[in-house]
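S.K.: Quick one, structure for this:
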Amino acid sequence: MSTSSYGWPYVDLAARLADLKEEHYRQLLAVTTLIELLGDKGLLTEEEIRAKAAEMEAEVERYLPI
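M.R.: The predicted structure follows:
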């Protein structure tokens with residue numbers, strides 16, 4: 001039975017996707033932790049965070065319509 005190299009690009013792509021998912025998880029965890037700490041210390045309220053997120057999303061949509 002011969003091994004074809006045809007499937008290797010897909011294996012590589014799957015591995016890269018798994019790496020991206022792991023990195024995304026770690027970044028999301030870091031951001032969530034920072035938001036929680038800022039809220040716990042009373043530096044930001046949940047309402048302020050939501051308002052700023054909405055403002056930033058609107059700005060992104062203005063330049064990059066989704």
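S.K.: The helix or strand residue 8 falls within - what's its average pLDDT?
M.R.: In this structure, residue 8 is located in helix 8-40 according to DSSP states H and E. Averaged across helix 8-40, pLDDT comes to 94.
S.K.: The following helix or strand past it relative to helix 8-40, how many degrees between them?
M.R.: Moving toward the C-terminus from helix 8-40, the first helix or strand encountered (DSSP H and E) is helix 46-63. In terms of direction (axes from the mean of the first three to the mean of the last three CA atoms, to 10 degrees), helix 46-63 departs from helix 8-40 by 140 degrees.
S.K.: So what touches helix 46-63?
M.R.: In this structure, residues lying in contact with helix 46-63 by CB atoms under 8 Å, 6 or more residues apart in numbering are 35, 38, 39. C-beta here means a position set from N, CA and C on the backbone, and glycine is covered the same way.
S.K.: May I see these arranged in a markdown table, with distance to residue 8 and neighbour count as well?
M.R.: Supplementary listing: the contacts of helix 46-63 in a markdown table, determined by distance: CB to CB, whole Å; neighbours: other CB atoms under 10 Å:
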| residue | distance to residue 8 | neighbour count |
| --- | --- | --- |
| 35 | 41 | 14 |
| 38 | 45 | 14 |
| 39 | 47 | 14 |
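S.K.: May I see the residues you listed arranged in TSV, with distance to residue 49 as well?
M.R.: Output for these, formatted as TSV (distance: CB to CB, whole Å):
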residue	distance to residue 49
35	6
38	8
39	7
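S.K.: What separation is there between residue 28 and residue 12?
M.R.: Using CB to CB, to the nearest Å, residue 28 is found at 25 Å from residue 12.
S.K.: Look at residue 3 and report its pLDDT.
M.R.: Looking at residue 3, its pLDDT reads 54.
S.K.: ok so, going back, give me the distance from the helix holding residue 8 to the chain's centre.
M.R.: 6 Å (CA atoms, centre = their mean, to the nearest Å).
S.K.: now for that helix, which elements pack on it?
M.R.: Using 3 or more CB pairs under 8 Å, 6 or more residues apart in numbering; DSSP states H and E as the contact definition, the elements that helix 8-40 packs against are helix 46-63.
S.K.: mind saving the C-alpha coords of the helix it packs on as CSV?
M.R.: What follows is helix 46-63, C-alpha atoms only, in CSV (Å, rounded to 0.1, in the frame of the first residue of the first chain):
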residue,chain,number,x,y,z
GLU,A,46,-20.7,46.2,33.0
GLU,A,47,-22.8,49.0,31.3
GLU,A,48,-19.6,50.9,30.4
ILE,A,49,-18.0,47.8,28.9
ARG,A,50,-21.2,47.1,26.8
ALA,A,51,-21.4,50.7,25.7
LYS,A,52,-17.8,50.8,24.6
ALA,A,53,-18.1,47.4,22.8
ALA,A,54,-21.1,48.6,20.9
GLU,A,55,-19.3,51.8,20.0
MET,A,56,-16.3,49.9,18.7
GLU,A,57,-18.4,47.4,16.8
ALA,A,58,-20.3,50.3,15.1
GLU,A,59,-16.9,51.8,14.1
VAL,A,60,-15.7,48.5,12.6
GLU,A,61,-19.0,48.1,10.7
ARG,A,62,-18.5,51.6,9.2
TYR,A,63,-15.2,50.7,7.7
